[in-house]
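Asks: Need a 3D model of the sequence below.
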Amino acid sequence: MPHLGLVALVVRDYDEAIAFYRDALGFQLREDTPREDGSRWVVVSPPGARETSLLLSRAATPAQAGHIGDQTGGRVALFLTTDDFDRDYKRMVAAGVTFEEEPRYEPYGAVVVFQDLYGNRWDLIQPV
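Replies: Numbers count the residues shown, from 1 in each chain. As a prediction, the model looks like this:
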């Protein structure tokens, strides 16, 4: 198994999720295909990503909807790696992304915790 292909993220609405990941985080919409059951196959990823992408999956049941924004029990769920921390942090601030803290410079790199539009916690990180 050479890589992890997709990570599913339960969302409330396809279009609002696409807009956030595209406009606030700078992701690219890789696929948006309607399915026979009325759902859509929506894949987004950072520009240049060659392996792992996000599958934006609209909640189909009340139980699934109850996990939107808290799919990992409050832990940081996803790690967005950058090659220019300051550039991406400033761009995300300007786009209105919610940050939980000021950037930190740890022995392993520059890092800051942010939330997506649903409250899922992410790290923006530039490893050393």
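
Asks: which phi and psi does residue 93 have?
Replies: phi -60, psi -50 (degrees, to the nearest 10).

Asks: Wait, it touches residue 103, no?
Replies: No. With contact defined as Cβ atoms under 8 Å, residue 93 does not reach residue 103; the gap is 10.2 Å. (C-beta placed from N, C-alpha, C; glycine too.)

Asks: can you pull out the helices in the chain?
Replies: 14-19, 62-65, 85-94 (DSSP state H).

Asks: okay, the second one in CSV with CA atoms only?
Replies: These are the backbone C-alpha positions of helix 62-65, laid out as CSV (Å, rounded to 0.1, in the frame of the first residue of the first chain):
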residue,chain,number,x,y,z
PRO,A,62,-28.9,12.5,12.4
ALA,A,63,-26.2,10.4,14.0
GLN,A,64,-23.7,11.6,11.4
ALA,A,65,-24.8,15.2,11.7
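
Asks: where's that helix relative to the chain centroid, distance-wise?
Replies: 19 Å (Cα atoms, centre = their mean, to the nearest Å).

Asks: Thank you, goodbye.
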